[in-house]
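Trainee: Give me a model of this one.
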Amino acid sequence: MAEPSVTGPSVAVFDLDGTLCRGDSFAGFLRRSMLDGRLRAALSLAAAVVLVPLFLLPAGRRRAVRGFVLLATAGRSAAQLAEMAAQFAVEHVAKGRIEPVLERLCEHRERGDRVVVATGCAEPLASAVCRELGLGDVEVLAAALAPGRFAHRPVRGCLGVQKVARLGELGIAVPVAHAYTDSSVDLPLLRAAERRFLVEPRPRTVARVRAALGPEFTVLG
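Mentor: The predicted structure is shown next:
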């Protein structure tokens with residue numbers, strides 16, 4: 001697909017997991033946190049019998065995620081979670097940087113574009129992963145957790161149409177100039193972009209995006 005010329009600064013939005021770095025960072029972090037310690041691991045394994053099937057049902061996914069987050073964060077302060085996130089990010093990024101897309105992000109920055117990483121991964125992990133990728137000064141839109149009496153809980157998402165809404169809160173009007181993602185979950189973001197890029201997508205992702213948007217996108221990798 002030929003790219004139209006752009007005059008002046010533009011906005012480039014990048015997904016994180018599967019786009020800048022391989023793997024689901026938040027799922028990996030929750031899994032490790034849930035298995036850290038005998039009691040927590042035993043409770044997590046017992047709860048998984050209910051939570052995993054629930055997660056596979058669209059109507060139950062939100063409740064399942066709340067359960068996973070509760071098990072992973074119970075008894076842990078925000079400072080402890082931030083420290084754990086920083087440690088996890090080092091290992092996670094070492095396993096799967098997607099260099100061609102990181103290079104594209106750097107090119108956007110060099111020509112003065114506004115670059116935003118918008119991800120369903122939760123803070124503080126999203127920012128920790130971005131720092132490990134060398135993107136510590138890039139704007140990050142991420143899901144949010146809030147501390148409760150015994151554990152943290154999800155309070156704000158950043159998936160699908162939520163990404164577009166969150167961009168609007170930053171004063172970014174749509175359409176944005178560029179959007180990069182690996183997932184059809186980001187169809188609302190792709191619809192809100194002039195130039196659409198799928199990063200190392202699965203065949204079914206390509207098919208879903210083509211069915212929804214036609215051929216106006218570029219596959220990277």
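Trainee: OK, contacts around Val65?
Mentor: Val65 sits next to Phe55, Pro154 when contact means CB atoms under 8 Å, 6 or more residues apart in numbering. From N, CA and C alone the C-beta is placed, and that goes for glycine too.
Trainee: so which helix or strand takes in it?
Mentor: helix 61-73 (DSSP states H and E).
Trainee: Check Ala211 too.
Mentor: Going by DSSP H and E, Ala211 is part of helix 203-213.
Trainee: same for that helix, what does it pack against?
Mentor: helix 187-191, strand 193-199 (3 or more CB pairs under 8 Å, 6 or more residues apart in numbering; DSSP states H and E).
Trainee: What's the first helix or strand after it?
Mentor: strand 218-220.
Trainee: Buried ones in that following strand, by neighbour count?
Mentor: If you call a residue buried by 16 or more other CB atoms under 10 Å, then strand 218-220 has these buried ones: Leu220.
Trainee: Helices along this protein, start to end?
Mentor: In the chain, the helices defined using DSSP state H lie at 25-34, 38-55, 61-73, 78-96, 99-110, 125-132, 161-169, 187-191, 203-213.
Trainee: Reformat these into JSON lines and put distance to Thr119 and mean pLDDT next to each item.
Mentor: Shown next, in JSON lines, are those (distance: least, CB to CB, whole Å; pLDDT from 0 to 100):
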{"stretch": "helix 25-34", "distance to Thr119": "8", "mean pLDDT": "96"}
{"stretch": "helix 38-55", "distance to Thr119": "19", "mean pLDDT": "94"}
{"stretch": "helix 61-73", "distance to Thr119": "15", "mean pLDDT": "94"}
{"stretch": "helix 78-96", "distance to Thr119": "13", "mean pLDDT": "96"}
{"stretch": "helix 99-110", "distance to Thr119": "13", "mean pLDDT": "97"}
{"stretch": "helix 125-132", "distance to Thr119": "5", "mean pLDDT": "98"}
{"stretch": "helix 161-169", "distance to Thr119": "8", "mean pLDDT": "96"}
{"stretch": "helix 187-191", "distance to Thr119": "11", "mean pLDDT": "97"}
{"stretch": "helix 203-213", "distance to Thr119": "17", "mean pLDDT": "96"}
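Trainee: Tell me which of these sits nearest to Gly221.
Mentor: Closest to Gly221 of these, according to CB to CB: helix 99-110, at 6.6 Å.
Trainee: got a list of contacts for stretch 94-107?
Mentor: With contacts defined as CB under 8 Å, 6+ apart, stretch 94-107 is touched by 12, 14, 19-23, 115, 133-135, 138, 180, 199-200, 220-221.
Trainee: ditto for stretch 135-155
Mentor: Contacts for stretch 135-155 (CB under 8 Å, 6+ apart): 20, 26, 62, 65-66, 69-71, 73-78, 81, 105, 109, 114-123, 125-127, 130, 156-159, 163, 166-167, 170.
Trainee: returning to that earlier point: for the helix holding Ala211, give me every contacting residue.
Mentor: So helix 203-213 is contacted by Asp182, Ser183, Ser184, Leu187, Leu190, Arg191, Arg196, Leu198, Pro201, Phe217, Val219 (CB under 8 Å, 6+ apart).
Trainee: Out of the helices of the chain, which one sits most buried?
Mentor: Comparing the helices of the chain by mean neighbour count (mean count of other CB atoms under 10 Å), helix 125-132 comes out on top with a mean of 24.
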